[in-house]
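Engineer: Need coordinates for the following:
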Amino acid sequence: MLKKLFGLDKKEASPIQPKEEMVHAPLTGKLVPIEDVPDPTFSQKMMGDGFAIDPADGTVLAPVSGEIVQVFPTKHAVGIKTAGGAEVLIHIGLETVTMDGEGFKAHVKEGDQVRVGDLLVEFDLNLVKEKAASALTPVIITNQDQRDSVIKEPASATVAGETPLLTVKHSK
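Structural biologist: Have a look, this model is predicted:
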């Protein structure tokens with residue numbers, strides 16, 4: 001009876017999934033079309049569509065709110081799953097995996113909840129420019145085939161955690 005009186009007999013409602021979500025810039029810099037990234041994995045959209053940023057500094061902020069589902073051991077890439085189910089991959093630089101984590105500091109781990117603008121990773125931009133193929137940082141919706149649509153917003157310069165770059169629409 002007390003359970004009914006205080007509503008303790010009710011099951012917790014599942015969270016409401018948004019119909020659309022905005023993906024913001026994770027870095028401050030210059031927006032580059034994904035097709036112009038000098039790596040066919042990204043430019044040919046083998047992992048999904050998105051954009052790239054030529055970074056002005058070494059600070060990566062969360063472009064979406066959600067759960068950290070992957071932080072690569074080399075800290076050069078982070079995956080986030082949003083409440084609406086979009087899976088966002090941020091890949092810092094090209095061929096940075098060969099740096100074996102040198103110059104990267106992760107501020108999140110798998111299972112963490114983040115909000116737009118939260119600090120994810122700091123990296124030494126000069127070291128990346130010196131040791132990697134490129135500092136261009138692709139941001140990809142890896143499960144775009146499961147979304148209704150991904151719409152690119154107009155922009156050229158980006159401000160980390162602020163500039164809206166993609167609208168992801170969900171059917172559920």
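Engineer: What is the neighbour count of L27?
Structural biologist: Counted with other CB atoms under 10 Å, the neighbours of L27 add up to 30. The C-beta positions use only the backbone N, C-alpha and C, and glycine is treated the same way.
Engineer: for S65, same thing?
Structural biologist: S65 is flanked by 18 other residues according to other CB under 10 Å.
Engineer: give the contact list for it.
Structural biologist: Going by CB atoms under 8 Å, 6 or more residues apart in numbering, S65 touches 82-83, 113-116.
Engineer: just curious, which of those residues is nearest to E102?
Structural biologist: Relative to E102, the closest of the contacts of S65 is V114; by CB to CB it sits at 24.3 Å.
Engineer: does the closest one have beta-bridge partners, and which?
Structural biologist: With DSSP bridges as the criterion, V114 is bridged to G66.
Engineer: L61 and V159 touch, don't they?
Structural biologist: No - if you go by CB atoms under 8 Å, L61 and V159 don't touch, sitting 9.6 Å apart.
Engineer: any idea how far stretch 50-63 is from the chain center?
Structural biologist: 9 Å (CA atoms, centre = their mean, to the nearest Å).
Engineer: What are the buried residues along that stretch?
Structural biologist: Neighbour counts over stretch 50-63 (16 or more other CB atoms under 10 Å) mark 50-53, 55-56, 58-63 as buried.
Engineer: Show me the residues you listed that map onto strands.
Structural biologist: Secondary structure from DSSP state E places 50-53, 55, 59-61 of the buried residues of stretch 50-63 in strands.
Engineer: For V150, state which of those is nearest.
Structural biologist: G50 (7.9 Å).
Engineer: hang on, the earlier thing: out of the buried residues of stretch 50-63, which two sit at the greatest distance?
Structural biologist: Among those, G50 and G58 lie farthest apart (CB to CB), at 20.2 Å.
Engineer: looking at the sheet around K152, what are its partners?
Structural biologist: Beta bridges link K152 to L166, judged by DSSP bridges.
Engineer: Verify the contact between it and L165 for me.
Structural biologist: Yes - using CB under 8 Å, K152 is in contact with L165, at 6.9 Å.
Engineer: That's all I had, so thanks and see you.
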